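Enquirer: return a 3D structure for these sequence lines:
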Amino acid sequence: MITIPGATGNLARLVDVVGRQLVVGGRGGSLVLGYQDNNYDDNGYYAHDNGTGDQCLNSVNAFVHIVIS
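Expert: Predicted coordinates for the structure are as follows:
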């Protein structure tokens with residue numbers, strides 16, 4: 001999930017903004033990253049979480065690359 005002030009609504013799904021060029025308007029603000037999860041109790045840096053239905057099984061760690069120009 002991501003919020004880009006002046007370009008997205010509150011916590012838009014990343015799949016809806018990846019690969020799109022967004023024009024940011026307004027007065028600025030803070031970029032916010034978040035995630036959706038079905039069980040927050042098993043989150044942490046101590047172990048990999050394969051996700052609901054193992055959709056992240058054998059995957060690399062997540063990352064976000066943002067280009068501002």
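Enquirer: centre of the chain to stretch 59-69, how far?
Expert: 9 Å (CA atoms, centre = their mean, to the nearest Å).
Enquirer: may I see the buried residues of it?
Expert: Within stretch 59-69, no residue is scored as buried using 16 or more other CB atoms under 10 Å. All C-beta spots, glycine's among them, are computed from the backbone N, C-alpha and C.
Enquirer: now what about that stretch, what contacts it?
Expert: Contact with stretch 59-69 is made by 2, 14, 31, 33, 48, as judged by CB atoms under 8 Å, 6 or more residues apart in numbering.
Enquirer: do the same with stretch 27-40
Expert: 1-6, 11, 43, 52, 64, 66.
Enquirer: what's the first-to-last distance across that stretch?
Expert: Using CA to CA, to the nearest Å, the end-to-end distance of stretch 27-40 comes out at 33 Å.
Enquirer: pull out the buried members of the contacts of stretch 27-40.
Expert: 2-4.
Enquirer: can you list these in TSV and add secondary structure and distance to L22?
Expert: As requested, these are exported to TSV (DSSP: H, G, I helix; E, B strand; the rest coil; distance: CB to CB, whole Å):
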residue	secondary structure	distance to L22
I2	strand	10
T3	strand	12
I4	coil	6
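Enquirer: save those as TSV, and put in distance to G26 and pLDDT too.
Expert: Converted to TSV, these look like this (distance: CB to CB, whole Å; pLDDT from 0 to 100):
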residue	distance to G26	pLDDT
I2	16	94
T3	12	94
I4	10	93
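Enquirer: please report how far the residue with the largest distance to the centre of the chain lies from I66.
Expert: Distance to the chain centre peaks in the chain at R27, reaching 22.3 Å (criterion: CA atoms, centre = their mean). Using CB to CB, to the nearest Å, R27 is found at 20 Å from I66.
Enquirer: what does D41 give?
Expert: Counting by CB to CB, the gap from D41 to I66 is 29 Å.
Enquirer: hmm, back to that, secondary structure class for the residue farthest from the centre of the chain?
Expert: coil (DSSP: H, G, I helix; E, B strand; the rest coil).
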